[in-house]
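1. From the sequence below, what's the structure:
(2 chains)
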Amino acid sequence: MTTSQIDKLGDRLKSGKASEADLRMLAEYRTTFSEPFARLVSKIESIVGSTPTAREAKTTGSIVAKLQRERTRLSRMQDIAGCRLIIADIAAQDDVCAKMTAAFTVIRVIDRRGEPKNGYRAVHLLVQSENRTFEIQIRTELQQLWAEFSEKIADEIDRGVKYGAGPDWVQSQLMELSTLVDQVEEFERDVLEAANDADPNSRANEDYRKRIENIRQSGQSLRRKLRDIFTERYQLIMDEWDRRKKEGHNAILD
Amino acid sequence: MLFLIDYDPRAGQIVEMNTFADTERDSAHHARLERELDLHRKGINREVVLLQAADEKAIRRTHRRYFETLEQLSHPPKASNS
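-> Numbers count the residues shown, from 1 in each chain, chains lettered A, B, ... in the order given. Have a look, this model is predicted:
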């Protein structure tokens, strides 16, 4: 399949008038990623010691949506195949990213932790292997919690939420939750760095170790509180959603 | 292990999930295409995705959205095994 054929297929998909032949052609194109991707996943397993969840081909709907949303060509889409790793915390995330960067030809690091996209925080690595580009998503547990929560809201309330659109009253809740995730993770990172930066005498000091341990426990407590806040915000969003549904469709979209 | 998931976003739930051994990749690809064509013919808009993971538990951790309601998602996962 030539690049021109792939991009013409992309144009037809983008128009929303794909035929059965187009879907078969897309399936054939996606299959070309399969074997190189399987080898990449196998290498990731050996590096991180656990199996990532691999999605060897983006769904047809996601490909069409991306073609319509962004000025990209199908042949240049860099996340046709990808995988996801869920990591305990931001320090472990840094560690995994460093290992990946050392092991693979990383052509781009998309670090959305400090600069989230519509509230979404994670690190995505675009990796080149066997003349193809693959995406490795590395999320912490809290980033994952936010991402799944946000996507599910997009499923059930408004798809636009996923791309920063959708009702303001939903967006504002998600943005606040994203900021809270960041604050908890930055707190944990600061604690870790402070512990690592301490001089050997301090580290050996019993009082110092107790203080660090107390701060770590505060971090765990913050995590629990954050999860409670997710539950509260869920209830707020659903109550508001129900209220607006009762008032009529226009109010829902306001 | 491969998981072919047919997910209905509006309903927020899986319509059907089929599993394949890693050695059955071609069958999984074929099944995905057939499912997409079937939905296309019927004019139904759903999400058909093929995922690979060590087991179902791993998929349920990395792709909770397919398996859980929004209410369940707003609660922490039962176990953490990163």
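
2. quick one: what helix or strand has residue A:8 in it?
-> When elements are assigned from DSSP states H and E, residue A:8 belongs to helix A:3-14.

3. how far is that helix from where the chain is centred?
-> Relative to its chain's centre, helix A:3-14 lies at 27 Å (Cα atoms, centre = their mean, to the nearest Å).

4. Who are the packing partners of that helix?
-> Judged by 3 or more Cβ pairs under 8 Å, 6 or more residues apart in numbering or on different chains; DSSP states H and E, the packing partners of helix A:3-14 are helix A:20-31, helix A:60-69. (C-beta placed from N, C-alpha, C; glycine too.)

5. show me where the chain has helices.
-> All of this is about chain A. A:3-14, A:20-31, A:34-48, A:60-69, A:90-103, A:141-156, A:168-197, A:200-204, A:206-247, A:249-253 (DSSP state H).

6. Chain B was what I was after
-> Counting by DSSP H, the helices of chain B are B:25-42, B:56-62, B:64-67, B:70-73.

7. for chain A, what are the nearby residues on chain B?
-> Within chain B, the positions near chain A by Cβ under 8 Å from any Cβ of the partner chain are B:9-10, B:12, B:25, B:29, B:32-33, B:36-37, B:40-41, B:45, B:47-54, B:58-59, B:61-65, B:68-71, B:73-77, B:80, B:82.

8. What degree of burial does residue A:181 show, as a neighbour count?
-> Applying other Cβ atoms under 10 Å in any protein chain shown, we find 27 residues neighbouring residue A:181.

9. ok, it touching residue A:226?
-> Yes - Residue A:181 is within contact range of residue A:226, at 6.9 Å (criterion: Cβ atoms under 8 Å).

10. what sits in contact with each of those two?
-> residue A:142 (Cβ atoms under 8 Å, 6 or more residues apart in numbering or on different chains).

11. do you know how far the residue in chain B that chain A sits nearest to is from residue A:228?
-> Per Cβ to the nearest Cβ, residue B:74 is where chain B lies closest to chain A, at 3.5 Å. Distance, residue B:74 to residue A:228, using Cβ to Cβ, to the nearest Å: 10 Å.

12. Any quick ChimeraX command for the buried ones out of the residues of chain B next to chain A?
-> Buried members of the residues of chain B next to chain A, defined by 16 or more other Cβ atoms under 10 Å in any protein chain shown, are picked up in ChimeraX with:
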select /B:9,12,25,29,32,33,36,40,47,48,49,50,51,52,53,58,59,61,62,63,64,65,68,70,73,74,76,77
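
13. ranking the helices of chain A by burial, who's on top?
-> Greatest average neighbour count among those goes to helix A:141-156 (a mean of 23), per mean count of other Cβ atoms under 10 Å in any protein chain shown.

14. follow-up on the earlier one: include distance to residue A:1 when you put the helices and strands packed on helix A:3-14 into a markdown table, please.
-> Shown next, in a markdown table, are the helices and strands packed on helix A:3-14 (distance: least, Cβ to Cβ, whole Å):
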| stretch | distance to residue A:1 |
| --- | --- |
| helix A:20-31 | 6 |
| helix A:60-69 | 15 |
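
15. And these: which comes nearest chain B?
-> Nearest to chain B, of those and by Cβ to the nearest Cβ, is helix A:20-31 at 4.4 Å.

16. and the stretch 151-254 of chain A, which residues reach chain B?
-> Within the stretch 151-254 of chain A, the positions near chain B by Cβ under 8 Å from any Cβ are A:151-156, A:159, A:227, A:230-231, A:233-235, A:238.
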